[in-house]
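>>> Provided below for reference: sequence and predicted model.
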Amino acid sequence: MSTHQQLFQQTHKVLQVKAVDGDRGIKNDIKYSITGGPEHLFGINEDTGLVYSKAMIDRESADARNGAFILEITAMEVVKTGGKGLSISTEVTVIIEDVNDEIPKFKSESYVAEISENAQKNTPVTFLGQNMIPEVFDHDQGTNGTFKLFLEGDDNMFEVTPSMGINDATFMIRVKDQNRIDFEQTKVINFTIVAKEVSKKGEETRASVTIYVRDQNDNPPQFLAKKYEVTIPENIKAGAIIAKIKADDKDSGYFGTEGIRYTAITGPISSALVLNNLTGVLTMGDTAFRFDKEHISSHYLMVEARDEEGLGNRNTVELIINLEDVNDNHPIFRRDYYESFIQENSPTFTNPLIVEATDADENGTENSEVRYRILRGDQYGNFTIDSLSGEIKPNGVLDYELLPGDAQTKMYNMTVRAFDLGSPSLWSDVSVMVYIRDQNDNAPLFPVLDYKVTIPEDTPGGTPVIQVNAKDKDGSSPNNQIVYRIQTGAKDKFVINPETGMISISQGANLDLDL
């Protein structure tokens, strides 16, 4: 066995072997040869048995066994007749002393790995590809083959274990600061892994490391508004757009905005609405439900969004639907009809005549503002109506006798319209009956001021003399009924029929002028 320093030069003397011929008296020459082992590295002087090196010797080469080379050397005697004699072989072990001629080497020039975001501390990265072999080696012996492993440029996010190796080591890169592994902040992390000898020479090798952060569904959808508030007309049609809800998600792919689905809308009227789960557009459904601002002016709902195509994280946002009043209510009179009485020659009704209508549209808007007018039934313009209050008054005193008709009580049957100021305007009509009461405002009138007749003085009692006839312009009974009586001058000689106005001679009357 011979020990030599690594990397000695070609033709360097290694050792010398010697064989002795056991024959007595006859000593044949002995020839030496290498019959086994790395003959390309070692040679032998066939005459002297001196073993020498033929090439640079590397302790870490594949021909060495733990830094040793094993040679088989054969010694053969040479018979003087020229033939081959007996031979013997021996094994020679050449141990190569180590020198620091190796540097640490990674089995891959670069490494590509991945790690899930939010991975817990000490979670190892996963190397990608069959060629990514996380090993480093240095075949030097002892201190020369001892190296430390560390990372550079990772911003203290990762660590490598083990931190030291001898000859070879399978290493692991694992998470050191879990709070820094965030796909939304950093998608790719690049740094360097270093293997450096601990010897004074301190040779080192570097390999680049690229780590892809794999996204996890760790962010819920975020709506673009804290709440959505819209105003729509109360008579919105089926299919019309009510609101557009929009959310995004910091995650990637289906974990992120691409995978958002608008999955639900909740609230008292949700069944009447249609939510597009892909676009977030909310439309009016084709149902019997209709909005009515006069009943409920605002509706409150919740819209839900989920990522991962509707299966992942969820978030909700409030949706307020305010209704804009539409002129969809007619004015409604408080009564089915109105009536009142007025005396002729009176400037006012017996009781005030006021029509009143209400409009259920939004208070304070033109849609609920009501105005009044007389539509028909007052062809002579005898009445006016206050367009705001609805109070009906006569234009002046009425003369019963000048009014058309012959009824005991004359009547106006008017139609009054209540209309709002919306666009288009809506209206309702009501009947208003005004009864005119006759007054005894006309005295009976004789067609002539004087009646004259001549009769014989012996005309017997009971004889009709003359009939007077008076007219009364009042239009109703009893105001126009006439009763006759003799006021003066009859001296009991004449009587008058109160109904017919016939003047006759009183019974037993003496008409003699001489008496």
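Noted; the coordinates are in hand.

>>> what are the pairing partners of whichever strand or helix holds K196, and which direction each?
Per DSSP states H and E, K196 falls inside strand 188-197. Its sheet considered, strand 188-197 pairs with strand 146-152 (antiparallel), strand 204-214 (antiparallel) by DSSP bridges.

>>> buried set for the last one?
Buried positions in strand 204-214, judged by neighbour count with 16 or more other Cβ atoms under 10 Å: T205, A207, V209, I211, Y212, V213. No exception for glycine: its C-beta is placed from N, CA and C like everyone else's.

>>> Can I get the residues you listed in TSV including pLDDT and distance to S110?
Compiled in TSV, the buried residues of strand 204-214 are given as follows (pLDDT from 0 to 100; distance: Cβ to Cβ, whole Å):
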residue	pLDDT	distance to S110
T205	93	12
A207	95	6
V209	96	7
I211	96	12
Y212	95	13
V213	93	18
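
>>> low pLDDT regions in the chain?
Applying pLDDT under 70 to the chain flags residues 1-11, 22-26, 59-60, 81-84, 97-101, 406-408, 475, 514-515.

>>> the longest strand in it is where?
strand 84-97 (DSSP state E).

>>> Quick one: list the elements packing against it.
strand 2-5, strand 13-16, strand 68-78 (3 or more Cβ pairs under 8 Å, 6 or more residues apart in numbering; DSSP states H and E).

>>> What residues of that strand count as buried?
In strand 84-97, residues buried by neighbour count (16+ other Cβ under 10 Å) are G85, V92, V94, I96.

>>> swap in stretch 378-394?
Here stretch 378-394 shows D378, N382, F383, I385, G390, E391, I392, K393, P394 as buried, counting by 16+ other Cβ under 10 Å.

>>> and if you look at stretch 417-429?
Applying 16+ other Cβ under 10 Å to stretch 417-429 flags R417, A418, F419, D420, G422, L426, W427, S428 as buried.

>>> now stretch 306-322
So stretch 306-322, judged by 16+ other Cβ under 10 Å, has buried residues R306, D307, E308, G310, G312, N313, N315, T316, V317, L319, I321.

>>> Distance to L278 added to the buried residues of strand 84-97, as a markdown table?
Converted to a markdown table, those look like this (distance: Cβ to Cβ, whole Å):
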| residue | distance to L278 |
| --- | --- |
| G85 | 98 |
| V92 | 83 |
| V94 | 78 |
| I96 | 73 |
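
>>> Looking at the residues you listed, spot the one nearest G145.
Checking the buried residues of strand 84-97 against G145 by Cβ to Cβ gives I96 as the nearest, at 13.8 Å.

>>> Skipping adjacent residues, who's closest to Y435 in space?
Leaving aside its chain neighbours, Y435 sits nearest to F341 (4.7 Å; criterion: Cβ to Cβ, 6 or more residues apart in numbering).

>>> What helix or strand is the one you found located in?
Here F341 is assigned to strand 337-343, by DSSP H and E.

>>> Heading C-terminal from that strand, find the next helix or strand.
Past strand 337-343, the next helix or strand by DSSP H and E is strand 353-354.

>>> So in that sheet, which strands flank that following strand, and in what orientation?
Sheet pairing for strand 353-354, using DSSP bridges, gives strand 391-394 (antiparallel).

>>> What helices and strands are in contact with the strand holding F341?
Using 3+ Cβ pairs under 8 Å, 6+ apart: strand 337-343 touches strand 427-437.

>>> which residue ranges form the strands in the stretch 351-500 of the chain?
353-354, 357-358, 370-376, 383-385, 391-394, 410-420, 427-437, 464-467, 494-496 (DSSP state E, counting those that start in this stretch).

>>> So which residues make contact with the fourth one?
Outside strand 383-385, the residues within contact range by Cβ atoms under 8 Å, 6 or more residues apart in numbering are 355, 372-374, 391-395, 412, 414, 416, 434.

>>> State the paired neighbours of that strand in the sheet, together with their directions.
Sheet pairing of strand 383-385 (DSSP bridges) gives strand 391-394 (antiparallel).

>>> What lies in contact with the partner strand?
With contact meaning Cβ under 8 Å, 6+ apart, strand 391-394 is reached by 340, 342, 346-349, 352-355, 374, 382-386, 416, 432, 434.

>>> and with 7 Å instead?
The contact list for strand 391-394 (Cβ atoms under 7 Å, 6 or more residues apart in numbering) reads I342, P347, P352, L353, I354, V355, N382, F383, T384, I385, V432.

>>> Would you enumerate the residues in contact with the last one?
In this case it means V432. Y338, V355, I392, M414, V416.

>>> Okay, and the beta partners of it?
On the basis of DSSP bridges, V432 is bridged to Y338, M414.

>>> That one and D420, how far apart?
Computed as Cβ to Cβ, to the nearest Å, the V432 to D420 distance reads 19 Å.

>>> Then the second one?
Separation of P347 from D420 (Cβ to Cβ) stands at 31 Å.

>>> What of the fourth one?
Here L353 is placed at a distance of 22 Å from D420 (Cβ to Cβ).

>>> Apart from its neighbours in sequence, what residue is nearest the most centrally placed residue in the chain?
When Cα atoms, centre = their mean is applied to the chain, the residue found nearest the centroid is I245 (2.9 Å). In this structure, I245 finds its nearest non-sequential neighbour in G280, 3.8 Å apart by Cβ to Cβ, 6+ apart.

>>> quick one, what contacts that neighbour?
K244, I245, K246, Y262.

>>> Which single one of the residues you listed is nearest to K148?
K246 (53.7 Å).

>>> from memory that closest one sits against L224, does it?
Yes - the criterion here is Cβ atoms under 7 Å, and K246 meets it with L224 at 4.7 Å.

>>> Pull the contacting residues for the nearest residue to T257 once chain neighbours are set aside.
Leaving out its chain neighbours, the residue that sits closest to T257 by Cβ to Cβ, 6+ apart is D248, at 4.5 Å. By Cβ under 7 Å, 6+ apart, the residues touching D248 are P221, Q222, T257.

>>> Let me know the distance separating D248 from Q222.
6 Å.

>>> Check T365 too.
From T365 to Q222 the distance is 38 Å (Cβ to Cβ).

>>> Can you give the contact residues for the strand holding F341?
Counting by Cβ under 7 Å, 6+ apart, 349-351, 353, 355, 394, 398, 430-437, 439 sit against strand 337-343.

>>> If we use 6 Å, what do you get?
Identification of contacts with strand 337-343 by Cβ atoms under 6 Å, 6 or more residues apart in numbering yields F349, T350, L353, V355, S431, V432, M433, V434, Y435, I436, R437, Q439.

>>> Now list the buried members of those residues.
Here, 16+ other Cβ under 10 Å leaves F349, L353, V355, V432, V434, Y435, I436, R437, Q439 buried among the contacts of strand 337-343.

>>> between those, which is closest to A64?
Using Cβ to Cβ, the buried ones among the contacts of strand 337-343 come closest to A64 at V355, 122.7 Å.

>>> Tell me who's in contact with that closest one.
Residues in contact with V355 (Cβ under 6 Å, 6+ apart) are Y338, G390, V416.

>>> make it 10 Å
V355 makes contact with 333-335, 337-338, 372, 374, 385-386, 389-392, 414, 416-418, 430, 432, according to Cβ atoms under 10 Å, 6 or more residues apart in numbering.

>>> And for D63?
G37, P38, H40, L41, F42, I57, F69, I70.
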